[in-house]
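Novice: okay, predicted coordinates and the sequence, questions at the end:
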Amino acid sequence: MTRDLLPATAAVDADGELWIGGRRVTSLAAEHGTPLFVYDEDHLRARCRAAVAAWGDGVAYATKAFLCKAMARLAYEEGMCLDVSTGGELHVALAAGVPAGRLVLHGNNKSDAELSAAWAAGVGRIVVDSFDEIDRIERLGRSGHPGPRPKVLVRVTPGVEVHTHEFVRTGQDDSKFGFTVASGMATEAITRLGALERAGVVELVGVHAHLGSQVFAIAPFVRAVGVLAGFVAPLDLAELVVGGGLGVPYVNGESAPSMEEWAAAVLDACHAAGVPLVTRVTAEPGRSIVATAGVTLYTVGTVKDVHGHRTYVSVDGGMSDNPRPVLYGSGYEAFLAREADASRTMPVRVVGKHCESGDVVVADGFLPDDLAVGDVLVTPVTGAYGHSMASNYNKVPRPAVLFVSGGEVREVVRRESLDDLARLDV
Ligand code: LLP
């Protein structure tokens, strides 16, 4: 398997077995069961450090990509802030012990309760997304809300489209997120927040834009900076956040810019477009921090040769632990943990165990001819938006999550039990 798609410490031994974090992957599957998310902790830490090195202080890990207490702590320990986009993500980050001042609250529909909780905790930044939210902040502020005066950024849409799945495009004007620059909404939001600043309710510190996710090209970021620079430069604001979105390769043959190339291109474009040098320009990567650090292990349960059509390889998970193929038509590779570098010559469709035909893991893949029931199958690059979007569809318990490093295994999320499946029923 191409090393680019595997975690940094992945290695293949003389028997062909895949190892991650100093542990044999088939042994992890035997000890912890499947489906199983395995993260290379060294890889996660290195990605966080690379983000801080490229962007500087203030760069935030977008927790929606993958969040549990261990991940929140890891990103914080490695110097990142954390972007939380709901009261739930806020709760988990705080429960992990991350200081509120290192959190950035997002969301296009923050409730009074979410705003209050964030405010009372003293979150570092609130990214304001609508006039209704400004009304809420004003009401909360004028009612003498306890907690420090929040620092806020205005989320704007620069009117730049990116070539990615339409469900994850956000920079275009026709969007539920933010205020459009072109229409003057963004200016109006700045005016209203300026008035709230003078009233002592908030401190307006910057502008935020997020173009979309799984973006492979640098050019849209540069175009967005052109629009944002014209908007930001006269405002004399200290911060500009360009969101997340850096794409990662999922299948052989794909390639993406590095964290360093992304940051350098954005920072150069900012300076060329007249964003003052003192402005803190930073970003909010999610996928590019965690995607390649994680793999999913499945056990092959049935191999069905449907004569005249194709071979279906069914595994013990599927759309409940990885809904990305069914949601976005996303592609993945799959290979056998016991012979990671074997040539894959048998055309197969890898499918899950859920009750619908859309439950596909790899639509058109290849596996070695000696594939057998009971084999451990690995799908790489499942560290982002896999566990975080997992569900209990068909009452399939969600997998456990392991962090492995230097031969040590930490179970950071336990596998759901059958009893967990009924725990909310009253
Ligand atoms: N900042 C904001 C405001 C966002 O909305 C997002 C992602 C990010 C940062 C992080 O973007 P990233 O670096 O991860 O691309 N479920 C989809 C992805 C949805 C992304 C939502 N927002 C998927 O599986 O592809």
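Specialist: Perfect, I can see it now.
Novice: from here on, contacts and neighbour counts on C-alpha atoms
Specialist: Noted.
Novice: can you pull the contacts of V205?
Specialist: Counting by CA atoms under 8 Å, 6 or more residues apart in numbering, V205 touches 151-153, 237-239.
Novice: sec struct for it, please.
Specialist: Using DSSP: H, G, I helix; E, B strand; the rest coil, the secondary structure recorded for V205 is strand.
Novice: so where's this protein shaky on pLDDT?
Specialist: Using pLDDT under 70 as the threshold, the predicted model of the chain has no low-confidence range.
Novice: is it true that Y385 lies in a strand?
Specialist: No: the assignment for Y385 by three-state DSSP gives coil, which leaves it out of any strand.
Novice: can you pull the contacts of T34?
Specialist: 297-299, 316, 399.
Novice: neighbours of the residue of the stretch 1-150 of the chain found nearest the ligand, just the number please.
Specialist: Minimum separation of the stretch 1-150 of the chain from the ligand (CA to the nearest ligand atom) falls at A62, amounting to 5.0 Å. Neighbouring residues of A62 were enumerated by other CA atoms under 10 Å; the total is 28.
Novice: got it, and G79?
Specialist: Around G79 sit 22 other residues, with neighbours defined as other CA under 10 Å.
Novice: doesn't it fall inside a helix?
Specialist: No: G79 is assigned coil when assessed by three-state DSSP, not a helix.
Novice: roughly how far apart are it and E138?
Specialist: Between G79 and E138 the distance, using CA to CA, to the nearest Å, works out to 32 Å.
Novice: picking that back up, got the contact list for the residue of the stretch 1-150 of the chain closest to the ligand?
Specialist: Each residue near A62 by CA under 8 Å, 6+ apart is listed here: 82-84, 244, 284-287.
Novice: hmm, V38 and L402 touching each other?
Specialist: Yes: contact criterion CA atoms under 8 Å: L402 and V38 qualify, at 4.9 Å.
Novice: looking at the two, which is more packed in?
Specialist: The neighbour count for L402 versus V38, taken as other CA under 10 Å, is higher for V38 (28 against 21).
Novice: thinking again about what came up before, between the contacts of V205, which sits nearest the ligand?
Specialist: Ranked by distance to the ligand (CA to the nearest ligand atom), those are led by L153 at 11.8 Å.
Novice: the closest one and K353, how far apart?
Specialist: L153 sits 44 Å away from K353, taking CA to CA as the criterion.
Novice: kindly report the same for V154.
Specialist: According to CA to CA, V154 stands 44 Å off from K353.
Novice: who has more neighbours, those two?
Specialist: Relative neighbour count places V154 above the other of V154 and K353, with 25 against 19, counting by other CA under 10 Å.
Novice: which strands and helices sit next to the longest strand seen in the chain?
Specialist: With DSSP state E applied, the strand covering the greatest number of residues in the chain is identified as strand 294-306. In this structure, strand 294-306 packs against strand 36-40, strand 310-315, strand 376-380, with contacts taken as 3 or more CA pairs under 8 Å, 6 or more residues apart in numbering; DSSP states H and E.
Novice: quick revisit: go back to the contacts of T34 and keep what's next to the ligand.
Specialist: Here nothing survives when these are matched to the ligand using CA under 6 Å from any ligand atom.
Novice: mind putting these into a markdown table with neighbour count?
Specialist: Listed next are those as a markdown table, based on neighbours: other CA atoms under 10 Å:
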| residue | neighbour count |
| --- | --- |
| L297 | 31 |
| Y298 | 26 |
| T299 | 24 |
| D316 | 17 |
| P399 | 24 |
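Novice: ok now do the one residue sitting closest to the centre of the chain, which residues does it touch?
Specialist: Of all residues in the chain, the one closest to the mean position by CA atoms, centre = their mean is A65, 2.2 Å from it. Each residue near A65 by CA under 8 Å, 6+ apart is listed here: 286-287, 290, 383-386, 388.
Novice: restrict those residues to those near the ligand?
Specialist: 286-287, 385.
Novice: in JSON lines: the residues you listed, plus neighbour count.
Specialist: Listed next are the ones next to the ligand among the contacts of A65 as JSON lines, based on neighbours: other CA under 10 Å:
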{"residue": "G286", "neighbour count": "27"}
{"residue": "R287", "neighbour count": "27"}
{"residue": "Y385", "neighbour count": "21"}
